[in-house]
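Asks: When you get a sec, could you give me coordinates for this:
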Amino acid sequence: MTAQFNHTIIASLDPQRMAKFYLELLEARAESSWGPFTNISLAHGVLLQFAAPPMDFPAQHYAYLLDDEHFDRAYATIREGKMEHWADPQRQLPGQINHEHGGRGVYLLDPSRHYLELITRPYLPAAS
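Replies: Numbers count the residues shown, from 1 in each chain. Predicted structure coming up:
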């Protein structure tokens, strides 16, 4: 069996708020929650678990590949919600998207201040 990404825990200031944010932006599916985790799932069975750790945590970077139509809807949500966003990870190009790697991309912060990147083309070509 080839290794596949299965799940990750995302440190959250407010796990329920984080799950709601990701559910809307990524059009994810709510899942049953247990213990300290508020769970949602993405395509291909990837589970995102939001939990509040008992300590301060550094911001992380999470990139999500969207098709063009989903990107359009997500970007509309970003603009309608007046969310700060940038075309670049250095946050030098506010209110814009980029056209890197033959697609489009945008950077923003989630409610726990993690860096999100939404892209329409992967950085690497698909392996054959």
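Asks: what about the strands in the protein?
Replies: 7-11, 29-30, 38-41, 47-51, 61-65, 85-86, 105-109, 115-119 (DSSP state E).
Asks: What are the buried residues along the fifth one?
Replies: Spelled out, that is strand 61-65. Residues of strand 61-65 classed as buried: 64-65 (neighbour count, 16 or more other Cβ atoms under 10 Å). Where you see a C-beta, it was placed from the backbone N, CA and C, and this is true even at glycine.
Asks: Over to the first one?
Replies: Neighbour counts over strand 7-11 (16+ other Cβ under 10 Å) mark 10-11 as buried.
Asks: The last one now?
Replies: By neighbour count on 16+ other Cβ under 10 Å, the buried set for strand 115-119 is 115-119.
Asks: what helices or strands is that strand leaning on?
Replies: strand 61-65, helix 68-80, strand 105-109 (3 or more Cβ pairs under 8 Å, 6 or more residues apart in numbering; DSSP states H and E).
Asks: Nearest to Pro94, out of those?
Replies: Nearest of the helices and strands packed on strand 115-119 to Pro94, taken as Cβ to Cβ: strand 105-109 at 10.0 Å.
Asks: out of everything not next to it in sequence, what's closest to Gln49?
Replies: In space, and not counting its chain neighbours, Gln49 is closest to Phe37: 4.1 Å by Cβ to Cβ, 6 or more residues apart in numbering.
Asks: okay, now the one you found: neighbour count?
Replies: By the criterion of other Cβ atoms under 10 Å, Phe37 has 19 neighbours.
Asks: what does Arg104 give?
Replies: 19.
Asks: Surely it and Asn98 touch.
Replies: Yes: Arg104 sits in contact with Asn98 when judged by Cβ atoms under 8 Å, with a separation of 6.8 Å.
Asks: Just grab the bridge partners of Leu47 for me.
Replies: His7, Ser41 (DSSP bridges).
Asks: Hmm, His7 and it touching each other?
Replies: Yes: using Cβ under 8 Å, Leu47 makes contact with His7 at a distance of 3.7 Å.
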